[in-house]
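> would you be able to build a 3D model of this:
(one chain, ligands or ions: 1)
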Amino acid sequence: MKALKGVRILDFTHVQSGPTCTQLLAWFGADVIKVERPGVGDATRKQLVDVPGVDSLYFTMLNHNKRSIELNSKNETGKQVLTRLIRECDVLVENFAPGALDRMGFGWERIQEINPRMIMASVKGFGPGKYEDCKVYENVAQCAGGSASTTGDLDGLPMVTGAQIGDSGTGLHLALGIVSALFQREKTGRGQKVLAAMQDGVLNLCRVKLRDQQRLAAGPLKEYSQFGEGIPFGDATPRAGNDSGGGQPGRILKCKGWETDPNAYTYFITQAAVWEKICDVIGEPDWKAKEGYATPPERLDKLNEIFGRIEEWTMTKTKFEVMDICNPHDIPVGPILSMKEIAEDEGLRATGTVVEVDHPERGPYLTVGNPVKLSDSPSEVTRSPLLGEHTEEILRDVLGYSGEEIAQIGESGAVGDLKIAAE
Ligand code: COA
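Below is the predicted model of the structure:
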């Protein structure tokens, strides 16, 4: 039994943001039917190819547990098939460029006519307003959502982050909207539109920076390194390097081996509650009661000196030794883990967060499993579908077409070459 068993998703998504959302829903047990253009499919199948001729990792890692139907939604027969799919599904998820669904003839009003219970969920770059027609990719959203202006070094360029907060982040937001709309439909019997704009999703994840924007009116942001360095603040939240975004000062500090290993670093947080333990660990017991060091506000203009001293200590230890020494004292630290270390991490494999999946064309590869664990609805990660792998199965089993009708649909050019489901 899975949490979303019985929920059928018409997955019109592509690239990253939408597929992240529908992959999560599939892991929670929804039947996700991915609609792809015949012979072409999701563009990511052929992007960043590492093994020629097979689906890229970009595609496989975002489309697990789904079925694929090839369907030309601009062909007349294809439109009839799509109409039946809309009737049979609970949710349509899409992240086309603005207006694409209307141009196909399947705008919100038409969808409601076909199936009033349908939930139509969209990712767009921007919400309603002057930019609503723009096409948007990840880094555009990071810039327009406030992340880039607040990321990076104070004296450096605005910086995008490796975490895909615009794409995957918005996909997560959309999934929550869909589940909420399904819950509401239980009571009202009606579907509704769900919109997650990437700019909004990024801003939601950057809300602490809008907090700081408003705090600036009350004076300098004392927990930012630039305060201790005597650098005046401007009129907007500045970039803060690796300063902590919260009330407990933190920095990335060198560890043993940093000269040759680009990831021999730790994040170290001088949480107020464990200040005395930190002083003992780094060999500065006098700082516990020393004037100017004993309380958090007193320390704010000395953070460079304090972290410099802590770093002298961390440089004598590996990042894992720092973790082992600090954890028993509840001192919050985190090793900077490389993707190589994460790929090899036994703990992450044991919890199903890193999973090895077998693919009929590329063989085994690693992926990230469901990061959300439900005790009564465990997620098993199954491989992504080949293009059109389930076309015939869906036409027959979901839509109830006869063999003869399926052959006619095949001849119409609506579905590409029909394949009998592999495996
Ligand atoms: N059958 C027939 N046509 C299909 C089809 C199918 N199964 N699937 C897609 N198409 C068509 C669309 O209808 C559209 O045609 P139109 O332009 O004539 O209306 C066309 O394919 C291309 O769709 P589009 O979404 O414009 O793709 P793109 O590659 O030009 O743009 C994005 C890609 C991501 C920039 C754009 O989709 C977008 O801005 N999406 C919203 C924001 C978003 O999710 N961005 C992040 C992506 S990770």
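> CA atoms for contacts and neighbours, from now on please.
Fine.
> show the pLDDT at residue 420.
Among the per-residue scores, residue 420 shows a pLDDT of 49.
> typo on my end, residue 188
Residue-level confidence at residue 188 comes out at 98, pLDDT.
> how about residue 244?
83.
> in the stretch 251-400 of the chain, which spans are strands?
Using DSSP state E, counting those that start in this stretch, the strands of the stretch 251-400 of the chain run over residues 265-269, 333-335, 354-357, 365-368.
> would CSV of these with mean neighbour count and distance to the ligand be doable?
Formatted as CSV, the strands of the stretch 251-400 of the chain follow (neighbours: other CA atoms under 10 Å; distance: least, CA to the nearest ligand atom, whole Å):
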stretch, mean neighbour count, distance to the ligand
strand 265-269, 23, 30
strand 333-335, 20, 30
strand 354-357, 19, 22
strand 365-368, 16, 17
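> take these and lay them out in JSON lines including distance to residue 391 and mean pLDDT.
Conversion of the strands of the stretch 251-400 of the chain to JSON lines gives the following (distance: least, CA to CA, whole Å; pLDDT from 0 to 100):
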{"stretch": "strand 265-269", "distance to residue 391": "49", "mean pLDDT": "98"}
{"stretch": "strand 333-335", "distance to residue 391": "46", "mean pLDDT": "98"}
{"stretch": "strand 354-357", "distance to residue 391": "23", "mean pLDDT": "98"}
{"stretch": "strand 365-368", "distance to residue 391": "25", "mean pLDDT": "98"}
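> I'd like these as JSON lines, with distance to residue 250 appended.
Shown next, in JSON lines, are these (distance: least, CA to CA, whole Å):
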{"stretch": "strand 265-269", "distance to residue 250": "4"}
{"stretch": "strand 333-335", "distance to residue 250": "9"}
{"stretch": "strand 354-357", "distance to residue 250": "28"}
{"stretch": "strand 365-368", "distance to residue 250": "28"}
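> please identify which of the ones you listed is closest to residue 180.
strand 365-368 (24.8 Å; CA to CA).
> list of residues touching that closest one?
Among residues not part of strand 365-368, those counted as contacts by CA atoms under 8 Å, 6 or more residues apart in numbering are 61, 343, 352, 353, 354, 355, 356, 357, 358, 359.
> residues contacting the first one?
Taking CA under 8 Å, 6+ apart as the criterion, residue 61 is in contact with 367, 368, 384.
> and the last one, how far is that from the ligand?
If I follow you right, that is residue 384. Relative to the ligand, residue 384 is positioned 17 Å away (criterion: CA to the nearest ligand atom, to the nearest Å).
> the residue nearest to that residue when sequence neighbours are not counted: neighbour count?
Of all residues beyond its chain neighbours, the one nearest residue 384 is residue 64 (4.2 Å), with distances taken as CA to CA, 6 or more residues apart in numbering. Summarising burial for residue 64: neighbours were counted as other CA atoms under 10 Å, giving 25.
> doesn't residue 64 fall inside a strand?
No. Counting by DSSP: H, G, I helix; E, B strand; the rest coil, residue 64 is not part of a strand but coil.
> what is the burial count for residue 187?
Residues contacting residue 187 under the criterion other CA under 10 Å number 8.
> what is the three-state secondary structure of it?
For residue 187, the reduced secondary structure class is helix; criterion used: three-state DSSP.
> distance check, it against residue 117.
With distances defined as CA to CA, to the nearest Å, the gap from residue 187 to residue 117 amounts to 11 Å.
> cool, residue 63 as well?
When residue 63 is compared with residue 117 (using CA to CA), they lie 25 Å apart.
> out of the two, which sits in the busier spot?
residue 63 (27 against 22).
> could you list everything the closest residue to residue 343 other than its chain neighbours pairs with in the sheet?
Taking CA to CA, 6+ apart, and ignoring the residues beside it in sequence, residue 343 has residue 354 as its nearest neighbour in space, at 7.1 Å. Taking DSSP bridges, one obtains residue 368 as the residues bridged to residue 354.
> which of the contacts of residue 61 sits closest to residue 220?
Distance from residue 220 was checked for each of those by CA to CA. The minimum falls on residue 368, at 40.6 Å.
> close to the ligand: what parts of the stretch 1-150 of the chain are there?
Neighbours of the ligand within the stretch 1-150 of the chain, by CA under 6 Å from any ligand atom: 15-17, 35-37, 71-74, 95-97, 100, 103-104, 123-125, 135-138.
> give the buried residues for the helix or strand bottoming out on mean pLDDT in the chain.
Within the chain, confidence by mean pLDDT, DSSP states H and E is lowest for helix 225-228 among all helices and strands, at a mean of 89. Of the residues in helix 225-228, those with enough neighbours to count as buried (16 or more other CA atoms under 10 Å) are 225, 226, 227, 228.
> now swap in stretch 231-238 and tell me
Applying a neighbour-count criterion of 16+ other CA under 10 Å, the buried positions in stretch 231-238 are 237, 238.
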